[in-house]
Structure formats: C-alpha cells, structure tokens
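>>> Let me see the structure of the following:
(one chain, ligands or ions: 1)
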Amino acid sequence: MACQDCDLLCRKRPLRVGEKARCARCGALLYARKPNSIERTLTLALSALILFVLANAYPLLDFRFQGQTLEISVISGVWELYAREMWVLAAVVFVVSILAPLLKILALLYVLLPLWLDRQPWRMARVFRWIETLHPWAMTEVYLLGVLVAYVKLSDIATIVPGVALYAFAMLIVAMAATDATLEPETIWECLETQR
Ligand SMILES: [Zn+2]
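Predicted coordinates:
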C-alpha cells in the first residue's frame with residue numbers, strides 16, 4: 001500500500017490488537033487494529049438500521065400553513081420531485097438518502113454479523129468490496145442539510161414542527177459516521193483471509 005502522506009510504498013503485515021502501522025519515512029498512520037473493532041462496528045450498524053427505520057417510518061416535518069397540515073417524510077420528498085417531473089433529481093435524492101445508506105447498513109450487517117459469530121457467508125469478500133464502492137453514495141447529511149435550509153426559509157411563512165424522523169435522521173448521520181470511524185477494512189480482510 002502507498003502512504004497517503006508521502007506516497008512511499010509499504011508492505012502490509014498483519015497487526016496484533018492495539019498495534020498501529022506507521023509509514024517508515026514520514027511516520028504517518030497507515031492502518032491500525034483497535035480492540036473489538038468488529039463488535040463495535042456491528043453495534044453501531046445495528047443502531048444505524050433502527051434509526052434508518054425510524055427516520056423513514058415517521059414524518060420529518062409537520063408543515064402548517066393557512067389551517068392545513070402537511071406531513072413531510074423522506075420518501076414524500078422524492079415523490080414530490082417525481083410528480084413535478086424532476087425525475088433525475090428524484091432518482092438522485094432516492095439513491096443518496098434512502099437506497100445507498102440502506103444497502104450500506106445491510107451489507108455491513110451481512111459481513112459483520114457472521115464474522116462476529118466466526119462464520120463466513122456466501123460471497124462475503126465481494127459484498128465487502130461493494131460496501132467500499134457504495135461508501136461515497138450514502139450522503140444522508142446532504143439531505144438533512146437540504147431539510148434544514150428549507151426549514152429556515154419557510155419558517156417565516158408557515159409553522160414547521162420537527163417530527164420524530166428528523167431527530168432519528170440526525171442521529172443516523174452520527175451513527176453512520178461512527179460506523180465508518182470504527183470499521184477497519186484491514187481487520188475485516190484479515191478475517192476473510194484466515195477463514196478462507
Ligand atoms: Zn509516508
């Protein structure tokens with residue numbers, strides 16, 4: 001692998017728990033093996049799944065205007081764009097805020113749960129490679145930012161009440177960031193190789 005700071009090519013070797021690999025030239029951290037990485041990532045991915053369900057099952061906002069109440073959810077935003085013939089935008093919003101995060105969480109659970117139980121399901125290496133490809137497409141934070149901008153802009157003309165899903169969505173972003181932080185691809189690949 002190449003050092004991200006100075007591009008020196010370094011040979012990878014397996015680490016023991018708690019060890020870190022540093023670049024021989026500049027000392028930058030190459031990879032590390034934190035204790036209980038699989039258990040921690042698994043717990044966070046499970047929390048993310050629960051938050052994802054809550055974020056999609058409940059309304060994000062209640063929009064009250066001239067005596068009418070409109071409930072806005074993640075999927076209704078996509079439908080609204082679709083109904084206005086903004087198909088490309090509707091597809092992009094659907095993929096980055098619903099489909100990609102859900103697939104990423106499910107794929108992580110598919111890989112981590114069996115590893116935690118010392119098993120290896122079908123095509124695990126392929127699924128794990130797929131998670132790394134999916135990573136840049138799961139952009140729930142962009143969606144939340146859009147919701148907050150709309151909230152600020154519309155709060156003058158209408159009463160907007162945040163719903164359960166908005167809090168769940170915010171926590172989902174934190175849970176997904178934490179999952180990325182605890183996930184160690186090195187450890188996963190090592191588990192996959194030793195079990196093969
Ligand atoms: Zn370096």
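>>> Assign P59 to helix, strand or coil.
Classification of P59 using DSSP: H, G, I helix; E, B strand; the rest coil returns coil.
>>> residue contacts, it?
E71, I72, S73, G163, V164, A165 (C-beta atoms under 8 Å, 6 or more residues apart in numbering). C-beta here means a position set from N, CA and C on the backbone, and glycine is covered the same way.
>>> T179 versus V96, what's the distance?
For V96, the distance to T179 equals 17 Å [C-beta to C-beta, to the nearest Å].
>>> Number of residues surrounding E132?
The tally of other residues near E132 (other C-beta atoms under 10 Å) stands at 12.
>>> no wait, V142
Residues near V142, counting by other C-beta under 10 Å: 13.
>>> ok, now which ones touch it?
V96, S97.
>>> Against G27, how distant is it?
In this view, V142 and G27 are 35 Å apart by C-beta to C-beta.
>>> nearest spatial neighbour of the residue nearest the centre of the chain, skipping sequence neighbours?
Most central in the chain under C-alpha atoms, centre = their mean is M176, positioned 4.0 Å from the mean C-alpha point. Distances taken as C-beta to C-beta, 6 or more residues apart in numbering place A48 nearest to M176, at 5.4 Å, with adjacent residues excluded.
>>> neighbouring contacts of the lowest-mean-pLDDT helix or strand in the chain?
Sorting the helices and strands of the chain by mean pLDDT, DSSP states H and E puts helix 185-195 at the bottom, at a mean of 78. With contact meaning C-beta under 8 Å, 6+ apart, helix 185-195 is reached by 12, 14-15, 31, 33, 37-38, 111, 115, 118, 120, 124-125, 128, 132.
>>> The ion: which of those residues is nearest?
Set against the ion, the nearest of those by C-beta to the ion is Y31 (12.7 Å).
>>> near the ion at all, the host helix or strand of that closest one?
Here Y31 sits within strand 29-32, counting by DSSP states H and E. No - against the ion, strand 29-32 shows no contacts by C-beta under 5 Å from the ion, the least distance being 8.0 Å.
>>> Neighbour count: V96 and T179, which is higher?
Neighbours were counted for V96 and for T179 using other C-beta under 10 Å; T179 has more, 22 against 18.
>>> can I assume the more buried one is in contact with I38?
No - assessed by C-beta atoms under 8 Å, T179 is found out of contact with I38, at 11.8 Å.
>>> so how far is M171 from the nearest residue to A57 once chain neighbours are set aside?
Distances taken as C-beta to C-beta, 6+ apart put A165 closest to A57, at 7.3 Å, once the chain neighbours are dropped. From A165 over to M171 the distance is 10 Å, taken as C-beta to C-beta.
>>> The two: which has the busier surroundings?
A165 (23 against 16).
>>> Enumerate the residues of this protein near the ion.
Applying C-beta under 5 Å from the ion, one finds that the chain approaches the ion through C3, D5, C6, L8, C23, R25, C26, A28.
>>> Ramachandran angles for the last one?
It refers to A28. Main-chain dihedrals, A28, degrees, to the nearest 10: phi -70, psi 150.
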